[in-house]
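Enquirer: My questions are about this predicted structure, shown below with the sequence.
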Amino acid sequence: MTDAVNSLQDFLDARLAERRAQQLYRSHKTLAAAPGPVAIVDGRELVTFSSNDYLGLAVHPEVIAAQQRGALLGAGATASHLVNGHFEVHQKLQDKIAEVTGREAALLFGSGYMANMGVINALIGRGDYVVQDKLNHASLIDGGRISGAEFLRFAHNDLTALERQLRRAREKGNGKILLAVDGVYSMDGDTAPLAQMAELCHRYDAWLMVDEAHGFGVMGSEFFPCAGSAAAAGLDQNTAPIVMGTLGKAAGNGGAFVAGSRALIDYLTQFARTYIYTTGMPPALAAGCLRALELMQELPLRQTLNKRIQYFRERAAQLQLPLENSTSAIQPLVLGCEKKVLAVSAQLQRAGYLVGAIRPPTVPAGTARLRITLSASHGEAQIDGLLQALVSALVAVEATV
Ligand code: PMP
């Protein structure tokens, strides 16, 4: 081996050893497919409480059939959307997203990560300001960082701290200000105070961008019941002008979108580099997403999910489990210490349940947690089983850690 290869190897070994020592080393489980909220890991069936398939659409036969039919158009889009990768099914999906979100238009992206990077960097740059909640998703943070705009952060959901940063940005110069927040926080399950944030944006001439990764499909308003958390907070295109949503969570497929005014979508089509310089979404995926969005509108899946969330919270409270202030499908149990979280999650897996063990840097130090996610496809008996296993695991681990 050359010196350069040796030094690379030494660097990799040292960083990986450090991660292991900190109990922060990650690896993936290889799942075999199974119907319902079930995964087969190492030949054993586990009930999953760790996926973002909130409505059960990832395993819905009609969504799968639509993807299969969509594949007959070709396995891949074969080019970027603006070259020759934009099919009729992509256009139909964009129109459906606009309809569901109550926006004039929508644009597809390869993933939510790419959408956030693309939008932020198309809208702002050096001389501008990006204001973000400290618990925002990594893709918003990374998008803000590479934009070159001055990055101003505020304590989670703290409106006073937010206003301070908006005022600071306004007083500093006449650059554009973008306020970007998660509508529903991915690791906490709580929601942003979007109505008040929109009001502050109005006062300080800031542009509000809401990441609806965990709100789209599962919450909304009377007229737009699946639009997401901004609609649930009473906001529309005028008050929440930039909405990003993923299609890999409640829609059960993959990919993402930005929805907004026709001008916003036209602008992003011209300037969002993560839209322009990448291969279009495979048509089969667009066909699966389209059917999933129709089913979201047609079936009472949100209502079933809400019943499951309520059931989980009631039973967990009876068992005196330390619930967080979340009414969404994301129900974290903050245990603090990485070792404890890993031990409880391993014990749950032995009992037949798959629950995510979330550790820093995904969450702040000292707040390692189990991230329990609920789905309309869970039955009450599965929730009871999880809670019982959880109580036993906590007692067992408490005695050893
Ligand atoms: N935003 C939030 C809040 C998310 O939780 C995620 C996914 N973890 C993303 C964006 C990225 O979405 P995608 O998985 O489609 O890249």
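Expert: Received the coordinates, thanks. These numbers were taken from a predicted model, which means no experiment stands behind them. Numbers count the residues shown, from 1 in each chain.
Enquirer: Please make it C-alpha for all contacts and neighbour counts, starting now.
Expert: Will do.
Enquirer: How many neighbouring residues does Arg167 have?
Expert: 14 (other C-alpha atoms under 10 Å).
Enquirer: Could you tell me which residues of this protein lie near the ligand?
Expert: 111-113, 137, 139, 182, 186, 211, 213, 246, 248, 255-256 (C-alpha under 6 Å from any ligand atom).
Enquirer: mind listing which of those residues are in strands?
Expert: 182, 211, 246, 256 (DSSP state E).
Enquirer: what pairs with the last one across the strands?
Expert: When bridges are taken as DSSP bridges, the partners of Ala256 come out as Phe109, Thr246.
Enquirer: mind starting the numbering at 9 from now?
Expert: Sounds good: first residue 9 from here, last item Ala264.
Enquirer: For it, give me its contacts.
Expert: 116-120, 123, 252-256 (C-alpha atoms under 8 Å, 6 or more residues apart in numbering).
Enquirer: Out of those, give me the one that has the most neighbours.
Expert: In terms of neighbours by other C-alpha under 10 Å, the contacts of Ala264 top out with Gly253 at 31 neighbours.
Enquirer: do you know how far Val99 is from the ligand?
Expert: One thing to correct before we go on: residue 99 is Gln, not Val. For Gln99, the distance to the ligand (C-alpha to the nearest ligand atom, to the nearest Å) stands at 19 Å.
Enquirer: ok, residues contacting stretch 127-134?
Expert: Residues contacting stretch 127-134 (C-alpha under 8 Å, 6+ apart): 138, 148, 151-152, 154-158, 184-186, 276, 279-281.
Enquirer: Switch the contacts of Ala264 over to JSON lines; also include pLDDT and distance to Ala130.
Expert: Output for the contacts of Ala264, formatted as JSON lines (pLDDT from 0 to 100; distance: C-alpha to C-alpha, whole Å):
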{"residue": "Leu116", "pLDDT": "98", "distance to Ala130": "15"}
{"residue": "Phe117", "pLDDT": "98", "distance to Ala130": "14"}
{"residue": "Gly118", "pLDDT": "98", "distance to Ala130": "16"}
{"residue": "Ser119", "pLDDT": "98", "distance to Ala130": "16"}
{"residue": "Gly120", "pLDDT": "98", "distance to Ala130": "15"}
{"residue": "Ala123", "pLDDT": "98", "distance to Ala130": "10"}
{"residue": "Met252", "pLDDT": "98", "distance to Ala130": "14"}
{"residue": "Gly253", "pLDDT": "98", "distance to Ala130": "17"}
{"residue": "Thr254", "pLDDT": "98", "distance to Ala130": "19"}
{"residue": "Leu255", "pLDDT": "98", "distance to Ala130": "21"}
{"residue": "Gly256", "pLDDT": "97", "distance to Ala130": "23"}
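Enquirer: Residue ranges in this protein under the pLDDT threshold?
Expert: 9, 41-43 (pLDDT under 70).
Enquirer: For the closest residue to the ligand within it, list the residues it contacts.
Expert: Proximity of the chain to the ligand (C-alpha to the nearest ligand atom) peaks at Gly120, 3.4 Å away. By C-alpha under 8 Å, 6+ apart, the residues touching Gly120 are 147, 221, 252-254, 263-265.
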